[in-house]
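Participant: Please find the sequence and the predicted model below.
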Amino acid sequence: MLKGNQKLGGRGGKRIKKEVKALLELFFLNGNHRSKDRMNARSMRDELLKHVKAGELEEEDIPKVNTI
């Protein structure tokens, strides 16, 4: 196998930006504080997409549902 075609054990990918991580933590902690406000991963992603529409975040910074 050529070295250029090898996949090494490194886990590639992007890191979650600080702003996105802070919002996800806020969603999670809010659900811990009041059980009726709990959100699943899909609803958290939907909330992040609302921030994208408002121009606060970039869409490529939003992680996938299975990452959340």
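Facilitator: Alright, I've got the coordinates. Numbering: from 1, shown residues only.

Participant: Need the residues that contact the helix or strand bottoming out on mean pLDDT in the chain.
Facilitator: Among the helices and strands of the chain, helix 18-33 carries the lowest confidence by mean pLDDT, DSSP states H and E, at a mean of 91. Outside helix 18-33, the residues within contact range by C-beta atoms under 8 Å, 6 or more residues apart in numbering are 16, 37-39, 44, 47-48, 51, 56-57, 61-63, 68. (C-beta placed from N, C-alpha, C; glycine too.)

Participant: so where's this structure uncertain?
Facilitator: Within the chain, the stretches with pLDDT under 70 are 1-12.

Participant: on that earlier part again, turn the contacts of helix 18-33 into CSV, columns for secondary structure.
Facilitator: Converted to CSV, the contacts of helix 18-33 look like this (DSSP: H, G, I helix; E, B strand; the rest coil):
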residue, secondary structure
Ile16, coil
Asp37, helix
Arg38, coil
Met39, coil
Met44, helix
Glu47, helix
Leu48, helix
His51, helix
Glu56, coil
Leu57, coil
Asp61, helix
Ile62, coil
Pro63, coil
Ile68, coil
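
Participant: Got a PyMOL select line for the buried ones in those residues?
Facilitator: To isolate the buried ones among the contacts of helix 18-33 in PyMOL, judged by 16 or more other C-beta atoms under 10 Å, type:
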select buried, resi 39+44+48+51+57+62+63+68
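
Participant: In CSV: the contacts of helix 18-33, plus distance to Leu23.
Facilitator: Formatted as CSV, those follow (distance: C-beta to C-beta, whole Å):
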residue, distance to Leu23
Ile16, 10
Asp37, 14
Arg38, 16
Met39, 11
Met44, 8
Glu47, 7
Leu48, 6
His51, 7
Glu56, 9
Leu57, 8
Asp61, 11
Ile62, 10
Pro63, 11
Ile68, 11
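
Participant: in what helix or strand does Asp46 lie?
Facilitator: Asp46 belongs to helix 41-53 when assigned by DSSP states H and E.

Participant: thinking again about what came up before, can you give the distance from the least confident helix or strand of the chain to the centre of its chain?
Facilitator: Put simply, helix 18-33 sits 11 Å off its chain's centre (C-alpha atoms, centre = their mean, to the nearest Å).
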